[in-house]
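Novice: Sequence and predicted model, in that order:
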Amino acid sequence: MSKQVKIRRNTVPQIAARKGGEPIVSLTSYHAHTAAIVDKYADFILVGDSLGMVMHGMESTVGVPLDLMIMHGKAVVRGTEKALIVVDMPFGTYEESPAVAFRNAAKIMKETGCGAVKLEGGKRMAETITFLVERGIPVMAHIGLTPQSSHVMGGFKTQGREEDSWAAHLEDAKAVSEAGAFSVVLEGMVEPLAAKITKEIDIPTIGIGASADCDGQILVLEDMLGLNEWTPKFVKVYGDLGPAIERAVEKYADEVKDRSFPGEDQVYR
Ligand code: KIV
């Protein structure tokens, strides 16, 4: 007897159908507990390879291993029930060939239970995107400022400052859309270029440091919560968790030192 599985989560076609409609809300998350909170509000959650820098103190995302993405992907899937979970393919796991990309994307999907993967690159990744999609792996693309290529780009630079570079970005956006990506992240891109791309392609654009006209927005959760000492200029900080955590830790340390830390009778209720 076959078992009918009820799909509770947002699906890839549902996200794709939001083109030009109600803005798509998304955030990154790397753990079960923050993901459970974000799940109440986000249409999709990205387990971004930014976790290498945000959680593991790396200088860039280039060193993030596949197993680390899988470990955090599993935690986020476990902590959520509504949002579509998208997991980043880390540097070096998909660029070599469509076959290598398929092997690693399938591993991510099988081991985490996520609903889609994200990879960086425009026109150059089009063949790989089609290869994955035709074999059952939904792909979110990522163009503009692509952090995995920061060594080639010479750092984390806003893209499209010179208007004569716009044609190449537009070409990238059209290529990933025509290749079958269900949406595309536009990162670190001048506002009018991101707005133009949003108008000219058929899939939802998800902006980060791009344009309010994008079909949706994404931020790194720890940035918008005020947990990081440094955040990119475009990030609006909605919380002050860094100072709040510091105040709590300081209070605890003071209580331990002056022996006012509550005894067992007060701690265990
Ligand atoms: O890794 C990440 O968090 C990302 C977002 C910034 C879009 O790719």
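Specialist: Arrived safely, thanks for sending.
Novice: give me the residue from this protein nearest the ligand.
Specialist: Per CB to the nearest ligand atom, G48 is where the chain lies closest to the ligand, at 2.2 Å. Quick note: C-beta positions are derived from backbone N, CA and C, even for glycine.
Novice: what's the burial count for that residue?
Specialist: The tally of other residues near G48 (other CB atoms under 10 Å) stands at 28.
Novice: Surely it and S26 touch.
Specialist: No - at 10.2 Å, G48 does not count as touching S26 under the criterion of CB atoms under 8 Å.
Novice: Now the nearest residue to F261 once chain neighbours are set aside: which helix or strand?
Specialist: Excluding its sequence neighbours, the residue lying closest to F261 (CB to CB, 6 or more residues apart in numbering) is E255, at 4.4 Å. Element membership for E255, per DSSP states H and E: helix 241-257.
Novice: So for that helix, what gets flagged as buried?
Specialist: Buried residues in helix 241-257, counted by 16 or more other CB atoms under 10 Å: L241.
Novice: Just name whatever secondary elements it is in contact with.
Specialist: Here helix 241-257 touches no other helix or strand, going by 3 or more CB pairs under 8 Å, 6 or more residues apart in numbering; DSSP states H and E.
Novice: Please state the mean pLDDT value computed over it.
Specialist: Averaged across helix 241-257, pLDDT comes to 95.
Novice: Could you list the residues in contact with that helix?
Specialist: Applying CB atoms under 8 Å, 6 or more residues apart in numbering, the contact partners of helix 241-257 are 225-229, 260-262.
Novice: Can you go through these and name the buried ones?
Specialist: 225-228.
Novice: what's around the closest residue to N104 other than its chain neighbours, how many residues?
Specialist: Residue nearest to N104 in three dimensions, not counting chain neighbours: T93, with 4.2 Å by CB to CB, 6+ apart. T93: 22 surrounding residues under other CB under 10 Å.
Novice: before we move on, what about G113?
Specialist: G113: 15 surrounding residues under other CB under 10 Å.
Novice: A75 is in contact with that one, correct?
Specialist: No - counting by CB under 8 Å, G113 does not reach A75; the two are 11.0 Å apart.
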